[in-house]
Every structure is written in structure tokens, then in C-alpha cells.
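In: Fold the following.
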Amino acid sequence: MSLHRTPSTVLRHLHLRPAGLVAAALALLLGAPASALASDPLTAQFQVNTVTGSAQQAPAVASDAAGNFVVVWESYSSGGNDNSSRSVQARLYDRDGTAAGPEFQVNTSTTNEQKTPAVARNSSGAFVVVWESNHGTSDFDIMAQRYNAAGARVGAELLVNSAYASGTQGQPVVAMADNGDFVVVWKSAGGAGGDPGISIQGRRFRAGTGSFFDQFLVNDITPGDQDEPAIASDGGSRYLAAWREPATSNDIAIRFFTADNLAPAGITADAPQQTANTYPTGSQSSPSVAMGPAGAVVAWESFGGTFGNDTSRLSIQARRLDASGEFIDGNDVQINTYTNDDQRYPSVTMAPNGFYAIAWQSYGSSGNDNSDYSVQFRSFNADGGVLDPADVQANSYTTNAQQYPAAVLAPNGRLLVAWESNGSPGNDGNGFSIQGRLYEVFAPPSNAVAIPAVARVQGSGAFFTSRVDLFNPSGQGRQVDVTYTPRADLGGTPLTEVVSLPAHTQLSVTDP
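Out: Numbers count the residues shown, from 1 in each chain. Sure, this is the predicted structure:
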């Protein structure tokens, strides 16, 4: 007798009667690989910053494999010793949205301004924060600080653009692989690769050696000034960069890279840059990218037209790519359903199973916020199917502007959206604060098989053994023996043994 799991299987029953021992009804509980939900709020809106003097702005977020989050932002006050101007602050949260402690200061150098932070985190919880700093000079540099999973600093803060220190460097973003390596890209006035204008530069850090490879040029089309970079990692060796490319009417350019420890830059381009948007007119800007093992998504704001129904002004557009870097969507896909006025500054995020979500700020709302900008999002399954039929309003506090959202979708299906709010439902009434809200986008895949056995014991010490066969999608499998020892005092109470299994496996249970 066997039971084979199909995608729709949630609960099945096996009736096994090992001769002379136990008559048992076994219920095999199989977690769905990722059951789709309309995004369900798990928390109310909450205030992230604990220091409330002056403005808190420009949030960025990241998550580890367990769904533990980190939020970073720029602050005109500080949880540390930096009161010179803007500083970079951070705060850690567990998978349920509970803060692990108060905010803490990221930057060590405190002279002048530290601003526009970005953050990336790997599956084990290590993370890195990057930001702009003009400590000691009139020009801005790009700095980085590493942390372990507990939030303790790893080494001193690092100068990323050490080989090209002249000219202003700005708009840093970062993506991290599961092994702790990371790639920083930024907008640069001067740098590697021979671009005479404003270019997109990059640099890869190797965790095993604790050092950077050579700086490299991201864009391969050099007329005009490039800006607004974005980057994502698939968790392994591949990265996807995006930026605004002004030489061709402000299109969105993308380019894939693969880590290569033998190359001087530690990374090589998979192919020349390509254009993400297909709508032939207007202007595209503010790109955001997300990547997983099976593919990627690029999103942006579009001014002056869409293949969808938003003709008011600015709309949110996106396209999906497969693992080989080929576009899945033939044309741009409009994300926002509310089409009045402006939809701006998308933030796209993808879970390893391919589900993704896009957040943005909307002037007006199909929800209850029509006072100013609000924060909206929609989520999608791995095939691009819509989970949220309409835009979901993240903010419940509706006074003044809610803007510049940052989103991260964890492997457990939980989505954190953070943004800056002019005002707060918490205790920060001094201008802008950092707000957040946690949602569940999909039910997490089961990592266990629970088999309750309700037995009619026919003798003390009776037992039977059932074999659980695990098959991965390639057809290869391994086996785990599960032994039940019903007790004479069981009394009809389920006896449960749990065997840890990889998520998304196909299962069969066979009566030996």
C-alpha cells in the first residue's frame, strides 16, 4: 500500500494492519509546498525607531532563511554616539515581528554625513550594511560594515571604493550570497572600466579572505550618465544588476553577473546589458530587482504610458525572467490597480520558491488613505499569478505622507514592509519616523511529516515500522525509517513521531 503526494494533498489516511500486533489508523500530514493566500496582516503597523529626535528616513530591509529581519535607515539623531548630522541606524526583529532590542548605530566614523543605507542578509543571518559617507572629505565615499547573525560587528567598517577615491560616489546597494560573499554597486563619478561620465560601479567582497576584489564597471553602454542602481543575488553565485540608462530615453537596463574567484574583479558578466522595459515611449526610472534560484523580477516606475490601464501619470511596471536570464513576460506588466495620480518607487522582493511581492508609494489609495502618499503592495506566486487581486494598503496611520517603502519576503512566506512616515501612531511626533508591518503571503512549506497513530493495542511492547520514501523532483530519493511503539496506556491518544524532511519533497509511505 502506498500514498503519493500531489500538490493538492493536505491530509490522507493509511490503514495498516501488521499481523497480530497493532491495528492503527495513520494520518500523514503533508504541508502544501506553498499554499497561496491573499496577503494576511500578522501585526498592526509598528514604529521601528526608538530614538525619536529629528527625522528618521530612507529605510531598507533584509531577511534570513528563518524569517528574522533587519531594518536600517538614516537618522538625524542616533542610538549611538553620532550627533554630528545624519547617521545610519539598524534594528533586528524575529520572524514574528518582535524587536530583538533597541536600535543601534551602524557607522563608526561620525564626521559629517552618513546616509542612504542599504542592507543584505544571507540565509544564516549574517548581514552587511552599506551607505554614503563624507567623513573627512567633501566628496562622498561608499562604506560597508559586516555583522554576524547575532548583530555583532565583524571587523571594522570598510571603504568600498578604495581604488577610486576622487569624485562623488553615491546610491549604494548590496546583495549577499549564502556563503557570506557580497557585491556592492553604486553610482560613481569616475571609476573602473573607462566610462568618462557617471557610471555604475561594482565591487565583490569574498568572505573567505575578508577582502575585496578589484572594482569593475557594471554598464557596458557609456554615453550619458547612469544612475539609480539596484542589485539582487540568487543566494549562490549569480547576481542581477539594474539601473536607469539615460542614453536611450531613460530606459531600465539590466545585466547578469556570475562570481568568478579567478577573475581580477572576482566576477564576470554573463552577457551584455539589455533593456527591461518594452513600452516604446515615456520615461522609466527607479528600478528594483529581486532574484531566486528559479529566476528574477525587475520592477520600475513608468512615466507617460503603459500596456495596462494606467494613463494618469506614473505607474508601476514589472517583468519576470527565468533562471537563464530570458524574459518570461513578453511586455511590461502593470502592477498597480489604483490608477489615479502617481505610483512611485517600487521595491520588489522574492522568496526562494519564486513567490514575489512589490511595494510602492501611491498618491491616493483604493484603501482609506487619501490624505497624501500611502504605501501599497501586491503579491504574486511563482508563475506570476496574482495573490492580491487589488492593491493592499500597508499603512493604517493615514495622516500626512507615507512613502519610500522597502519590502522583503522571507522563505517562510512572511513579508515585511517598512517605510518612512510623516508622523507616527507610536511615540515619534518629531517629523518622519520609520514604520513597519508584517504580513503572511504564503503558508510556509512543511519541513516535517507528522504521523499520529491511534492504536488498539493487542499486547504490550507491540510495534511496527513504516518506511517513508523521499523523492526530489529529479526522481532521486532517500529513505527514513519511522518506528512506532504504541504503549498499553495509549488510551486512544495520538502518538506522534516527527521526522525532519526537506521542504517541497514528494513523499510516499509504503507498508513494508
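
In: hey, let's count contacts and neighbours off CA atoms from now on
Out: Fine.

In: Could you list the buried residues of stretch 123-141?
Out: For stretch 123-141, burial by neighbour count (16 or more other CA atoms under 10 Å) applies to 123-134, 140-141.

In: could you dump these to CSV with distance to residue 44?
Out: Output for the buried residues of stretch 123-141, formatted as CSV (distance: CA to CA, whole Å):
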residue, distance to residue 44
123, 26
124, 27
125, 25
126, 27
127, 26
128, 28
129, 27
130, 29
131, 29
132, 32
133, 34
134, 37
140, 38
141, 38
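
In: what about residue 101, neighbour count?
Out: 10 (other CA atoms under 10 Å).

In: isn't it right up against residue 94?
Out: No: look at residue 101 against residue 94 with CA atoms under 8 Å: they stay out of range, at 10.2 Å.

In: Output the buried residues of stretch 123-141 as CSV; include the columns secondary structure.
Out: Compiled in CSV, these are given as follows (DSSP: H, G, I helix; E, B strand; the rest coil):
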residue, secondary structure
123, coil
124, coil
125, coil
126, coil
127, strand
128, strand
129, strand
130, strand
131, strand
132, strand
133, strand
134, coil
140, coil
141, strand
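
In: any idea which of those is least confident?
Out: pLDDT across these is at its lowest for residue 134, which sits at 90.

In: Quick check: that one touching residue 110?
Out: No: Residue 134 is not in contact with residue 110 according to CA under 8 Å; the separation is 9.5 Å.

In: Excluding chain neighbours, give the residue nearest to residue 163 in space.
Out: residue 215 (7.3 Å; CA to CA, 6 or more residues apart in numbering).

In: just residue 279 next, same as before
Out: residue 306 (6.4 Å).

In: tell me the contacts of that neighbour?
Out: Residue 306 is in contact with 279, 315, 317, 332, 334, counting by CA atoms under 8 Å, 6 or more residues apart in numbering.

In: ok, and the most crowded of the residues you listed?
Out: That'd be residue 315 among the contacts of residue 306, by other CA under 10 Å, with 32 neighbours.

In: Does that one touch residue 299 like I think?
Out: No: using CA under 8 Å, residue 315 makes no contact with residue 299, being 10.5 Å away.

In: In which helix or strand does the most centrally placed residue in the chain reside?
Out: Centroid check for the chain by CA atoms, centre = their mean gives residue 408 as the closest residue, at 3.5 Å. Under the criterion of DSSP states H and E, residue 408 resides in strand 402-409.

In: Give me the sheet partners of that strand and which way each runs.
Out: Strand 402-409 has the following strand partners under DSSP bridges: strand 414-422 (antiparallel).

In: From the rest of the structure, what touches the strand it pairs with?
Out: 56-61, 67, 69, 71, 95, 359, 375, 394, 399-409, 431-442.

In: For that strand, which residues meet the burial criterion?
Out: 414-422.

In: Throw those residues into TSV and include pLDDT, thanks.
Out: Listed next are those as TSV, based on pLDDT from 0 to 100:
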residue	pLDDT
414	95
415	98
416	98
417	99
418	99
419	98
420	97
421	94
422	93
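
In: Figure out the length between the terminal residues of stretch 132-149.
Out: One end of stretch 132-149 sits 23 Å from the other (CA to CA, to the nearest Å).

In: do stretch 294-312 as well
Out: End-to-end distance for stretch 294-312: 34 Å, by CA to CA.

In: what's the answer for stretch 111-130, then?
Out: Counting by CA to CA, the terminal residues of stretch 111-130 are separated by 17 Å.
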